[in-house]
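Visitor: coords below, sequence missing:
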């Protein structure tokens with residue numbers, strides 16, 4: 001049976017898609033999108049859900065980057081470790097690794113969270129000079145996230161005590177948030193020049209660049225789930241999906257967190273009803289795409305291939321990965 005949900009990655013040799021998945025016995029697999037097994041690798045432990053691709057050597061050859069509880073790994077296309085990785089840690093890595101590429105120039109920053117501390121490493125596995133993060137007073141509850149607003153970089157780090165740290169590239173406080181926030185499990189995003197998430201009262205919370213906090217109650221806010229980009233804000237409450245200001249009444253079911261994919265010049269919004277095993281994908285105007293819903297039993301991953309084709313992967317039965325081409 002599948003342990004970690006399938007993830008689509010780019011195959012740099014043919015510009016098509018491959019699928020990564022790990023089973024409950026911690027075997028890690030790489031398949032082509034046609035279902036051909038490229039390799040499998042026994043891991044000692046379950047990897048974190050977040051799997052990234054990086055180009056460490058800036059030559060177009062892509063590697064896989066992820067963490068386990070006590071190590072940060074980088075593997076090549078054949079599943080072999082890339083030196084000097086893995087980086088091993090005595091203390092547990094408490095959140096999935098974050099990877100920052102501030103200027104899209106492949107000068108990566110690998111960000112490791114350990115309870116109330118944040119460590120940053122470069123592409124050679126060395127600690128980044130000039131990153132001087134002061135330990136938080138309570139545990140960090142989400143992976144640090146890079147958000148760029150108005151050409152300025154911010155690292156957003158929420159703590160369990162309600163403090164939202166918004167720091168500079170150097171790890172120093174850049175915005176002092178004027179109130180504590182009772183966080184939910186929703187991530188922080190950017191939208192319309194502000195930081196946005198959902199608090200434990202199921203209300204939207206906006207923070208501006210001056211640290212002002214605004215709480216906004218929405219019409220449907222039971223178990224409110226959020227996804228956002230600068231220009232798109234999506235909420236899901238029970239069976240009510242709202243894309244920007246357009247409300248969609250879905251069939252009653254058990255829905256995954258909404259996800260936004262910006263591929264090419266198009267925006268896609270997905271949810272999956274795991275009760276009815278149906279995947280729904282909408283465009284930015286809240287129109288259900290032709291051919292949907294399709295069968296699936298988990299949140300999806302999507303990417304665009306060379307030539308403009310969009311590929312979608314999702315869990316089917318407990319040991320089955322499905323691939324759809326749109």
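Guide: Perfect, I can see it now. These numbers come from a predicted model, not from an experiment.
Visitor: okay, CA-based contacts and neighbour counts for the rest of this
Guide: Noted.
Visitor: who's in contact with the spatially closest residue to residue 33 that is not a sequence neighbour?
Guide: Nearest residue to residue 33 in three dimensions, chain neighbours excluded: residue 18, at 5.2 Å (Cα to Cα, 6 or more residues apart in numbering). Contacts here follow Cα atoms under 8 Å, 6 or more residues apart in numbering; on that basis residue 18 touches 8, 9, 10, 11, 30, 31, 32, 33.
Visitor: how far away is residue 18 from residue 267?
Guide: For residue 18, the distance to residue 267 (Cα to Cα, to the nearest Å) stands at 22 Å.
Visitor: Kindly report the same for residue 98.
Guide: Separation of residue 98 from residue 267 (Cα to Cα) stands at 23 Å.
Visitor: who has more neighbours, those two?
Guide: For residue 98 and residue 267, the more surrounded residue by other Cα atoms under 10 Å is residue 98, and the numbers stand at 21 against 14.
Visitor: How about that one: which residues does it bridge to?
Guide: As for beta bridges, residue 98 partners with residue 111 under DSSP bridges.
Visitor: again with residue 248
Guide: residue 241.
Visitor: since we're on it, how many residues are nearby?
Guide: Here the count is done by other Cα under 10 Å, and residue 248 has 15 residues near it.
Visitor: Tell me which helix or strand the residue nearest to residue 33 sits in.
Guide: Per DSSP states H and E: residue 18 is located in strand 16-23.
Visitor: Can you give the strand pairings for that strand, parallel or anti for each?
Guide: The strands beside strand 16-23 in its sheet (DSSP bridges) come out as strand 2-11 (antiparallel), strand 27-32 (antiparallel).
Visitor: what is the mean pLDDT for the first one?
Guide: It refers to strand 2-11. Mean pLDDT, computed over strand 2-11, is 96.
Visitor: got it, and stretch 161-168?
Guide: In this model, stretch 161-168 carries a mean pLDDT of 98.
Visitor: Could you do stretch 297-305 as well?
Guide: Averaging pLDDT along stretch 297-305 yields 97.
Visitor: what distance separates the start and the end of that stretch?
Guide: Start to finish, the residues bounding stretch 297-305 are 24 Å apart (Cα to Cα).
Visitor: Likewise for stretch 169-189?
Guide: Chord length of stretch 169-189, first to last residue, is 17 Å (Cα to Cα).
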